[in-house]
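# quick one, structure for this:
(one chain, ligands or ions: 1)
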Amino acid sequence: MASLHYKPLAFSESDVDEEFESVHTRPTTHEKRQRLKKLAFVLVAGATVMYLAFTGTRALVRAVAKPCVSSGHHRNLTTAGALPTHYTLPSGDKIPSVALGVWQASQGDVGPAVRAALTAGYAHIDGAWAYRNEAEVGQAVKDSGLSRDKLWLTSKLWNNFHAPEDVEAALDDTLAKLDTEYLDLYLIHWPVAFKKEGNNVLDVGLTADPYPTWKKLEEMVDKGKVRNIGISKVKNLTANPLKYKPAVNQVELNYFNPQPELLKWAKENDLLLEAYSPLGSTKQVKDTLALPVVQEIAKTLAITPAQVIISWHVQRGTVVLPKSVTPSRVEENLQGTFLPYETVVLYFLTVWRVVNPSKGWNIGFDVFDEEWPL
Ligand code: A2P
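So this is what the prediction gives:
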């Protein structure tokens, strides 16, 4: 019988595993020494990177800085040496590289934010049924008067609706709220299925093997209700020859959780990544934008710290989904700049995932564990 499996996404850096292990095991003297050595190495390496960031890159940055580009229906498409404004998916559709993210954009705030985005030139709104703001997003899109084919609308199937018999009704609800005939992209929001009724009651079968859900999504493509389908927070769907491969994988990517190995893997396997919480989300945005290296690059290129981070994401080859309900920031976040230096500078001493609801859902395991108990 056909089956399909998620490969859960783990933290990508071995340091983190060691950090978790250290909570549970008492280190030996040898291990302590090794750790001290490692800490010393990290501190020296960190200091060196910071020094280079502060001094060496400035001249280089000034010498080779390229003009700004942006991504949207009012703007030109990619120019040589600039950031990509779109990526082409396996369907041939072109997905804009910068979107307005509307997670945590509450009702009352989200409409004006979407209006500001569409006025500024965004062509891509990343939403979800679970954000509980789709009707307001739909109204703002309608108010813009933009024709549907000039817009990219993404939504996500919530955990309670993974059963094949529930997928289409959930999608129809999203389509009705957004007041649109089709979605450009529909993602499985989390690699976790709940029973339709009850409070986060795990559907073990559909969590362990999401193939029935995926087949139903493929049917939605064939029906014309969705143009592209994808996944979120997993490495890949494995095991079966799929009719439609996932077009994207939406994952947390930011300064504190850059996941370079996942990005490398995704590129090798032709799977586009989308970066959610790209600025570090509400919890970490301040820390991210205050980083000396980010401030320094911003100063040198005469752009804002948020633009440094957003440009970095696009330059790495991912879609980026900054969330803001502040019109001036919404506009600011669309203006990317080619960053003329090694992006490794932005990996410095990092790895801390911001978004992880596993405990809150009380499902008995961590969604981001390599080994699921299912
Ligand atoms: P707000 O929505 O009040 O403007 P992420 O995109 O990583 O999820 O981060 C979202 C957080 O970053 C929100 O708190 C948002 O605030 C803030 N934010 C978004 N853009 C900017 C910006 N250009 N400068 C400062 N903060 C920003």
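
# spell out which parts of the stretch 51-200 of the chain neighbour the ligand.
Gly101 (C-beta under 6 Å from any ligand atom). Yep, even glycine has a C-beta here, placed from its N, CA and C like the rest.

# residue ranges of the helices in the stretch 51-200 of the chain, please?
Counting by DSSP state H, counting those that start in this stretch, the stretch 51-200 of the chain has helices at residues 56-64, 110-120, 134-144, 164-178.

# which of the ones you listed sits closest to Leu291?
Proximity to Leu291, assessed across the helices of the stretch 51-200 of the chain by C-beta to C-beta, is greatest for helix 56-64 (13.7 Å).

# distance of Glu261 relative to Asn254?
16 Å (C-beta to C-beta, to the nearest Å).

# so for these two, which residue has more residues nearby?
Between Glu261 and Asn254, Asn254 has the larger neighbour count (other C-beta atoms under 10 Å), namely 27 against 14.

# roughly how far does the more buried one sit from the ligand?
Computed as C-beta to the nearest ligand atom, to the nearest Å, the Asn254 to the ligand distance reads 6 Å.

# isn't Leu157 right up against Trp214?
No: at 10.5 Å, Leu157 does not count as touching Trp214 under the criterion of C-beta atoms under 8 Å.

# coming back round to it: now the helices of the stretch 51-200 of the chain in JSON lines, with distance to Glu331 and mean pLDDT?
Listed next are the helices of the stretch 51-200 of the chain as JSON lines, based on distance: least, C-beta to C-beta, whole Å; pLDDT from 0 to 100:
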{"stretch": "helix 56-64", "distance to Glu331": "24", "mean pLDDT": "41"}
{"stretch": "helix 110-120", "distance to Glu331": "4", "mean pLDDT": "98"}
{"stretch": "helix 134-144", "distance to Glu331": "15", "mean pLDDT": "98"}
{"stretch": "helix 164-178", "distance to Glu331": "23", "mean pLDDT": "98"}
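
# just these: most buried one?
The highest average neighbour count among the helices of the stretch 51-200 of the chain, using mean count of other C-beta atoms under 10 Å, belongs to helix 110-120 at a mean of 21.

# which residues sit against that helix?
72, 100, 102, 105, 125, 133, 136-137, 139-141, 143-144, 146, 151, 324-327, 330-331, 334 (C-beta atoms under 8 Å, 6 or more residues apart in numbering).

# Val98: how many residues sit nearby?
By other C-beta under 10 Å, neighbour count at Val98 equals 29.

# and for the one 4 residues further on?
Residues contacting Val102 under the criterion other C-beta under 10 Å number 27.

# how much space separates the residue lying closest to it once chain neighbours are set aside from Thr180?
Closest residue to Val102 apart from its sequence neighbours, by C-beta to C-beta, 6 or more residues apart in numbering: Gly127 at 4.9 Å. Distance from Gly127 to Thr180, counting by C-beta to C-beta: 11 Å.

# so Val314 is in which element?
helix 305-316 (DSSP states H and E).

# who are the packing partners of the helix or strand just after that helix?
Next along the chain after helix 305-316, taking DSSP H and E as the criterion, comes strand 319-320. Here strand 319-320 touches strand 272-276, helix 305-316, going by 3 or more C-beta pairs under 8 Å, 6 or more residues apart in numbering; DSSP states H and E.

# point out the residues in the stretch 201-350 of the chain that sit beside the ligand.
277-282, 285, 289, 306, 322-326, 329, 332-333.

# which of those residues fall in helices?
The helices, defined by DSSP state H, take in Ser281, Thr282, Val285, Leu289, Ala306, Arg329, Glu332 from those.

# in JSON lines, list those along with distance to Asn228 and neighbour count.
JSON lines is the format used below for those (distance: C-beta to C-beta, whole Å; neighbours: other C-beta atoms under 10 Å):
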{"residue": "Ser281", "distance to Asn228": "25", "neighbour count": "19"}
{"residue": "Thr282", "distance to Asn228": "28", "neighbour count": "12"}
{"residue": "Val285", "distance to Asn228": "29", "neighbour count": "21"}
{"residue": "Leu289", "distance to Asn228": "32", "neighbour count": "18"}
{"residue": "Ala306", "distance to Asn228": "28", "neighbour count": "21"}
{"residue": "Arg329", "distance to Asn228": "28", "neighbour count": "17"}
{"residue": "Glu332", "distance to Asn228": "28", "neighbour count": "17"}
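
# where in the stretch 251-374 of the chain is pLDDT low?
Applying pLDDT under 70 to the stretch 251-374 of the chain flags residues 341-352, 370-374.

# and which of the ones in helices among the residues of the stretch 201-350 of the chain next to the ligand is nearest to Val221?
For these, the nearest to Val221 is Ser281 (30.7 Å; C-beta to C-beta).

# how about the CA coordinates for stretch 281-298, as CSV?
Taking Å, rounded to 0.1, in the frame of the first residue of the first chain, the C-alpha atoms of stretch 281-298 are listed here in CSV:
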residue,chain,number,x,y,z
SER,A,281,9.4,37.5,14.7
THR,A,282,8.0,39.9,17.3
LYS,A,283,10.2,38.2,20.0
GLN,A,284,13.5,38.7,18.4
VAL,A,285,13.1,41.5,15.8
LYS,A,286,14.7,44.1,18.1
ASP,A,287,17.7,41.9,18.8
THR,A,288,18.1,41.1,15.1
LEU,A,289,18.0,44.7,14.0
ALA,A,290,20.3,45.9,16.8
LEU,A,291,23.1,43.5,15.9
PRO,A,292,26.3,45.5,15.3
VAL,A,293,27.0,43.6,12.1
VAL,A,294,23.6,44.4,10.7
GLN,A,295,23.8,48.0,11.8
GLU,A,296,27.2,48.4,10.2
ILE,A,297,26.1,47.0,6.9
ALA,A,298,23.0,49.2,7.0
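
# buried residues in stretch 211-223?
Using 16 or more other C-beta atoms under 10 Å as the test for burial, stretch 211-223 gives Tyr211, Pro212, Thr213, Trp214, Lys215, Lys216, Leu217, Met220, Val221.
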